[in-house]
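[1] All I have is the shape, not the residue letters:
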């Protein structure tokens, strides 16, 4: 062997969805409900701004932390939407997607041996990120009885009082769960009491339904100084491929993240920064239209699962729903069966960590026609195996 | 509000079943049915049609956009002229518009000859019509809000985190 792999890399198992990928590749009629990205194109105004920036030859690096103009626009946006106040000069960093921001935070705040509590089920990249940084993971399962919300009792039970960092992801991927202000209060109290810092991934903040407005944990009393908020343009602005995210936090913490960022990424893609600036400036209506569409699809999918006779959690955020698999199946068996027999790709809930067992993640970031066909196929699979 | 939502969905795809619309809007199926019936009865919903990409068919279909200028007199207004033109089955759309000309008319036929003949023999002789300018449609890229052409495959990953 030419290269000796590091223990950290070897410790991380391959992604739990890779095997499904391979099965899906064998078929050409797969309808995928497995994708965690919008099926909409980036709003035209944002694309146009990106094109114009290229025409004008704006292709050099920007400041490490991102274009000042963009940081100012982000500061205005988060103040307006989420009552968050951050100084664009020192408290905001623009990154290559929110994923980079999450990675920077792990590398900036986690020492070997540190413990990172992660509310589960949630986005599958947090755990490897912690391991790559040399930390240890303390999973904090959430349950359907608690509507997949994190509770102080759950934190206590999982031993998170001993942890150094807590990772939150609300609105949640994969459950679609949200946390309201009153749900977050006891978490904030626990965090303050046990002196944890919080990494709050709020990439789905714009995607909430049933008149629920997103509350950031950083907006609660005494939390701003111990929280890093992640957000970005991938989900609400349908800009996944442009790779643009950002982190908000106290100056010293963002400074530390910037140190890692400036030696690795240098700066986020310039073209994407121009697109993002325009997205914040003029694409509110596009976002609203997309959210309306997601809401219709959400209601459609929830209602169809109930008709099929599968219990489904009432998702109120992001673009996922999280039905339970029928008796007699594990999540993996169901996902593999429905993919092989019916050509519908879904993700088994266990890959998202403790609490996800027995569920499927269904993404409704797919057109209604395909959703209708996919749900009919799932129905036929369930009937054939009843 | 529910009326508007139902209308939006019907415009998106008139073949959505009432059950599908009910699922998407959180209305009862019966409510959706009643709303649609009321919209039809009130003349808000005037019909349902397929959006066709004629270029995909081998049969020739010729379409033209025709600009019409008219001169009104005491007895004849825009409505009278419009009523006369709208009766022709070749006329697929007719709109009174502001700007350099008065009516914008969409005409369809099986051949250029048929469309030309219709305009010269049936439309131009209408006494109030002073000028016609015919633009033949060469390619249609979007109809009724739907983009035509091949469309691109969804090349997103089948699975993503």
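    That came in fine, so what should we check first? Computed from a predicted model, the values in this text were never measured in an experiment. Numbers count the residues shown, from 1 in each chain, chains lettered A, B, ... in the order given.
[2] Wasn't residue A:66 part of a helix?
    No - with DSSP: H, G, I helix; E, B strand; the rest coil as the criterion, residue A:66 is assigned coil and is not in a helix.
[3] so how far is stretch A:24-43 from its chain's centroid?
    Centre-to-centre, stretch A:24-43 and its host chain are 17 Å apart (Cα atoms, centre = their mean, to the nearest Å).
[4] Contact residues of the stretch 1-150 of chain A facing chain B?
    Counting by Cβ under 8 Å from any Cβ of the partner chain, the stretch 1-150 of chain A comes close to chain B at A:15, A:17, A:20-21, A:24-25, A:30, A:32, A:34-37, A:39, A:123-125. Every C-beta, even on glycine, is put in place using the N, C-alpha and C of the backbone.
[5] List the ones among the residues you listed that fall in strands.
    residue A:32 (DSSP state E).
[6] most surrounded residue in the residues of the stretch 1-150 of chain A next to chain B?
    Neighbour tally across the residues of the stretch 1-150 of chain A next to chain B (other Cβ atoms under 10 Å in any protein chain shown): the maximum, 27 neighbours, falls on residue A:34.
[7] Quick check: pLDDT value at the residue nearest the centre of chain B.
    In chain B, the centroid-proximal residue (Cα atoms, centre = their mean) is residue B:93; its distance is 6.0 Å. pLDDT, residue B:93: 97.
[8] And for it, nearest residue in space, chain neighbours not counted?
    residue B:106 (4.0 Å; Cβ to Cβ, 6 or more residues apart in numbering or on different chains).
[9] Residue A:251 too?
    Using Cβ to Cβ, 6+ apart and skipping the chain neighbours, the partner closest in space to residue A:251 is residue A:90 (3.9 Å).
[10] hang on, the earlier thing: could you confirm the residue nearest to residue B:93 falls within a strand?
    Yes - assessed by three-state DSSP, residue B:106 belongs to a strand.
[11] OK, contacts around it?
    B:63, B:64, B:65, B:66, B:91, B:92, B:93, B:94 (Cβ atoms under 8 Å, 6 or more residues apart in numbering or on different chains).
[12] Would you list the buried entries among the residues you listed?
    Neighbour counting by 16 or more other Cβ atoms under 10 Å in any protein chain shown classes B:63, B:64, B:66, B:91, B:94 among those as buried.
[13] For the residues you listed, give me TSV that also has distance to chain A and secondary structure.
    Below are the buried ones among the contacts of residue B:106 laid out as TSV (distance: Cβ to the nearest Cβ, whole Å; DSSP: H, G, I helix; E, B strand; the rest coil):
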residue	distance to chain A	secondary structure
B:63	27	strand
B:64	30	strand
B:66	31	strand
B:91	32	strand
B:94	31	strand
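[14] Among those, which one sits closest to residue B:35?
    residue B:94 (28.9 Å; Cβ to Cβ).
[15] Now do the same contact list for the closest one.
    B:82, B:85, B:86, B:103, B:104, B:105, B:106.
[16] Around chain A, which positions in chain B sit nearby?
    So far as Cβ under 8 Å from any Cβ goes, chain B lies against chain A at B:9, B:13, B:16, B:20, B:22-26, B:154, B:156-161.
[17] same thing but at 6 Å, please
    Residues of chain B lying near chain A by Cβ under 6 Å from any Cβ of the partner chain: B:23, B:24, B:26, B:156, B:158, B:159, B:160, B:161.
[18] The second one contacts residue A:302, correct?
    Okay, so that is residue B:24. No - counting by Cβ atoms under 6 Å, residue B:24 sits too far from residue A:302 to count as a contact (10.3 Å).
[19] Neighbour count for these two, which is higher?
    For residue B:24 versus residue A:302, neighbours defined as other Cβ under 10 Å are more numerous around residue B:24 (25 against 21).
[20] Please identify the helix or strand for that one.
    helix B:18-25 (DSSP states H and E).
[21] which strands and helices sit next to that helix?
    helix A:284-308, helix B:29-41 (3 or more Cβ pairs under 6 Å, 6 or more residues apart in numbering or on different chains; DSSP states H and E).
[22] Kindly compare burial across the ones you listed and name the winner.
    Across these, the average number of neighbours (mean count of other Cβ atoms under 10 Å in any protein chain shown) peaks for helix A:284-308, which reaches a mean of 19.
[23] all strands of the stretch 51-200 of chain A, in order?
    A:92-95, A:115-120, A:136-141, A:165-169, A:197-201 (DSSP state E, counting those that start in this stretch).
[24] Any idea which of the ones you listed gets closest to residue B:71?
    Nearest of the strands of the stretch 51-200 of chain A to residue B:71, taken as Cβ to Cβ: strand A:92-95 at 62.2 Å.
[25] Under the pLDDT cut-off, which ranges of chain B? List them.
    For chain B, the stretches with pLDDT under 70 are B:1, B:151-153.
[26] go on, chain A?
    A:1.
[27] mind running it again at 90?
    Low-confidence segments of chain A (pLDDT under 90): A:1-2, A:13-19, A:21-22, A:25-28, A:354, A:386.
[28] distance of the residue nearest to the centre of chain B from residue A:257?
    58 Å (Cβ to Cβ, to the nearest Å).
[29] which residues does residue 54 contact?
    Unless you meant another one, I'm taking chain A. By Cβ atoms under 6 Å, 6 or more residues apart in numbering or on different chains, residue A:54 lies in contact with residue A:271.
[30] looking at chain B here, not the other one
    residue B:61.
[31] and the residue nearest to residue B:102 when sequence neighbours are not counted, how many neighbours?
    Leaving aside its sequence neighbours, residue B:102 sits nearest to residue B:70 (Cβ to Cβ, 6+ apart; 5.0 Å). For residue B:70, the neighbour count with other Cβ under 10 Å is 20.
[32] List the beta-bridge partners for residue B:70.
    residue B:129 (DSSP bridges).
[33] pretty sure it contacts residue B:129?
    Yes - when contacts are counted by Cβ under 6 Å, residue B:70 is listed as touching residue B:129 (5.4 Å).
[34] for the helix or strand where residue A:261 lies, packing partners?
    Counting by DSSP H and E, the element that carries residue A:261 is helix A:251-264. Contact partners of helix A:251-264 among helices and strands, from 3+ Cβ pairs under 6 Å, 6+ apart: strand A:92-95, helix A:97-109.
[35] Fine by me, we can end here.
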